[in-house]
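Asker: Below is the structure, and that's it, no one-letter string:
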């Protein structure tokens with residue numbers, strides 16, 4: 001029985017799955033929206049939301065935990081400086097998954113995963129550039 005075994009395996013071993021989710025989370029933080037398979041998007045959502053929760057805490061231990069998982073300091077800096085302030089008043093549900101339909105090559109179900117406050121992030125990014 002699979003009681004209390006929630007991990008989505010994605011047909012990978014543990015190290016490959018961890019690297020995949022870390023890279024997907026980095027891409028989501030960097031670009032704001034990514035196109036991937038539905039299964040990967042559903043596996044990524046809890047990881048990305050935990051990273052935002054860490055960033056909302058904002059202390060040095062949370063930053064070190066985020067760097068330990070994501071392994072990219074510039075992405076962690078963007079997470080803490082741009083994404084966390086926009087999501088400060090939200091209590092969860094930082095990501096949105098939008099289904100796109102089947103991929104033409106192998107009919108895999110595709111989806112967009114993006115931040116729910118994507119408009120606010122775009123405004124904050126343009127203010128930082130000025």
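Answerer: It's in. As the structure is a prediction and not an experimental result, all values here were calculated from the model.
Asker: could you pull out the helices for the chain?
Answerer: With helices called from DSSP state H, the chain shows them at 14-31, 38-57, 60-70, 73-78, 84-86, 118-129.
Asker: Mind checking these for the one nearest to residue 95?
Answerer: helix 38-57 (4.8 Å; C-beta to C-beta). (Each C-beta comes from the backbone N, C-alpha and C, glycine too.)
Asker: So which residue is dead centre in the chain?
Answerer: Residue closest to the mean C-alpha point of the chain, counted by C-alpha atoms, centre = their mean, is residue 48 at 3.2 Å.
Asker: circling back to that earlier point, take the helices of the chain and lay them out in JSON lines including mean pLDDT.
Answerer: JSON lines is the format used below for the helices of the chain (pLDDT from 0 to 100):
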{"stretch": "helix 14-31", "mean pLDDT": "97"}
{"stretch": "helix 38-57", "mean pLDDT": "97"}
{"stretch": "helix 60-70", "mean pLDDT": "98"}
{"stretch": "helix 73-78", "mean pLDDT": "97"}
{"stretch": "helix 84-86", "mean pLDDT": "95"}
{"stretch": "helix 118-129", "mean pLDDT": "73"}
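Asker: between those helices, which one is nearest to residue 99?
Answerer: Closest to residue 99 of the helices of the chain, according to C-beta to C-beta: helix 38-57, at 6.4 Å.
Asker: about what we covered before: so what's the residue nearest to the centre of the chain up against?
Answerer: 25, 28-29, 94-95, 113 (C-beta atoms under 8 Å, 6 or more residues apart in numbering).
Asker: picking up where we left off before, adding distance to residue 103, write the helices of the chain out as a markdown table.
Answerer: Shown next, in a markdown table, are the helices of the chain (distance: least, C-beta to C-beta, whole Å):
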| stretch | distance to residue 103 |
| --- | --- |
| helix 14-31 | 17 |
| helix 38-57 | 10 |
| helix 60-70 | 27 |
| helix 73-78 | 27 |
| helix 84-86 | 31 |
| helix 118-129 | 23 |
